[in-house]
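Asker: from the sequence below, what's the structure:
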Amino acid sequence: MVTYILQNPESSFEWIDISNPKIEDFTELKEKYKLNDASIKDCLETGHLPKIEEFENYHFLILRSIPNKFDEESDSLVEVTDRISLFYNENVVITVHRNQIDFLERLKTIERTHKRLQSSKTLVNALVSDTLKTFEDLVLGKMAMQLDEYEEIVFLHHRRKPFLKKLYYIKRQIDVTRSVLTLYKDIVDYFHMPEYKNIYTQDLRDLFSRTSTLFRNISENTSQLLNIYFNIESNHTNEIMRTLTIISVFFMPLTFIVGVYGMNFENMPELEWEYGYAGILIIMALLSVLIYYWFKRKRWL
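Answerer: Take a look at the predicted model:
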């Protein structure tokens, strides 16, 4: 659906928003603004990482943002991020998206005299800043809370198995968002070129640097948490094996004695002794005490 947000003469440029785009939506716009078929095709596809392309009459920009809500088990680019495509030059900005994007809806409703709507460049800069801000909000909000919860599970809870799947998905989400942010660097650098550079582009660079640092830190924290989890599980397994080994050491000599006297050969004089049974029990008890004392001396118990 094509919606005209800003039009001449009320504004210095036109802002056209297309939601749930179809090829038919571009029939008139393609002729009017000389849009390239390749960029229209890219715009209609759902994949694509962030990029910026310069054409003769306009720039084509693909942005990715984090939606307010997504499933905890999301682990792909399309599931974790929303896509916004932009065609822009001095006179027009065309935004194209499939899902409803909150910050875009807020921009549509602000005063027409707001500094973000002064020109097409300030609007595009605002859109790039808002998309980066969604990554910062994600890492400082939802992901930070989840990792705090998982750390508590690792260090304080005994039953940790179910959380491993959740930690895997949050690690995948971090990997996806970091791959997107890596490609944002080219976009930020482009807007920081001398012909585009202004106070807003400096804020954009600062926001990108801060967000990249936050995601690098949370990625390292997640990896460390996984390593700690596996170390704790390994230690737990070692404790179990240690306990089983101690039990087996106690019973091996006792089992040997029982096995010998359980053969019931005719020429076994101990079987006829009056105190044979009691004697064997005493020997087994003494042997157990000796093994226990040896373990304590070695500090294995």
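Asker: what about the helices in the stretch 201-301 of the chain?
Answerer: Here the stretch 201-301 of the chain has its helices, by DSSP state H, counting those that start in this stretch, at 276-297.
Asker: how about the strands in it?
Answerer: Counting by DSSP state E, counting those that start in this stretch, no segments of the stretch 201-301 of the chain form strands.
Asker: what's the answer for the stretch 1-150 of the chain, then?
Answerer: 2-6, 14-19, 51-54, 59-65, 82-88, 92-97.
Asker: for those, give me a markdown table that also has mean pLDDT and distance to residue 275.
Answerer: Any C-beta I mention is one placed from the backbone N, CA and C, and that applies to glycine too. A markdown table is the format used below for the strands of the stretch 1-150 of the chain (pLDDT from 0 to 100; distance: least, Cβ to Cβ, whole Å):
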| stretch | mean pLDDT | distance to residue 275 |
| --- | --- | --- |
| strand 2-6 | 91 | 103 |
| strand 14-19 | 94 | 96 |
| strand 51-54 | 91 | 92 |
| strand 59-65 | 93 | 86 |
| strand 82-88 | 94 | 86 |
| strand 92-97 | 95 | 93 |
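Asker: what's near enough to touch residue 135?
Answerer: Listed by Cβ atoms under 8 Å, 6 or more residues apart in numbering, the contact set of residue 135 reads 65, 66, 177, 180, 181, 211, 215.
Asker: count of neighbours near the fifth one?
Answerer: In this case it means residue 181. Neighbourhood size, residue 181 [other Cβ atoms under 10 Å]: 20.
Asker: can you redo the strands of the stretch 1-150 of the chain as JSON lines with distance to residue 262 and mean neighbour count?
Answerer: Shown next, in JSON lines, are the strands of the stretch 1-150 of the chain (distance: least, Cβ to Cβ, whole Å; neighbours: other Cβ atoms under 10 Å):
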{"stretch": "strand 2-6", "distance to residue 262": "91", "mean neighbour count": "15"}
{"stretch": "strand 14-19", "distance to residue 262": "84", "mean neighbour count": "19"}
{"stretch": "strand 51-54", "distance to residue 262": "79", "mean neighbour count": "14"}
{"stretch": "strand 59-65", "distance to residue 262": "74", "mean neighbour count": "23"}
{"stretch": "strand 82-88", "distance to residue 262": "74", "mean neighbour count": "23"}
{"stretch": "strand 92-97", "distance to residue 262": "81", "mean neighbour count": "23"}
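Asker: so which of the ones you listed gets nearest residue 111?
Answerer: Of all those, it is strand 2-6 that lies closest to residue 111, at 11.8 Å by Cβ to Cβ.
Asker: dump the C-alpha coordinates for that closest one into PDB.
Answerer: C-alpha atoms of strand 2-6 as PDB (Å, rounded to 0.1, in the frame of the first residue of the first chain):
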ATOM      1  CA  VAL A   2       1.400   3.400  -1.000                       C
ATOM      2  CA  THR A   3       1.000   6.300   1.400                       C
ATOM      3  CA  TYR A   4       2.200   9.900   0.900                       C
ATOM      4  CA  ILE A   5       3.500  11.200   4.200                       C
ATOM      5  CA  LEU A   6       5.000  14.500   3.000                       C
END
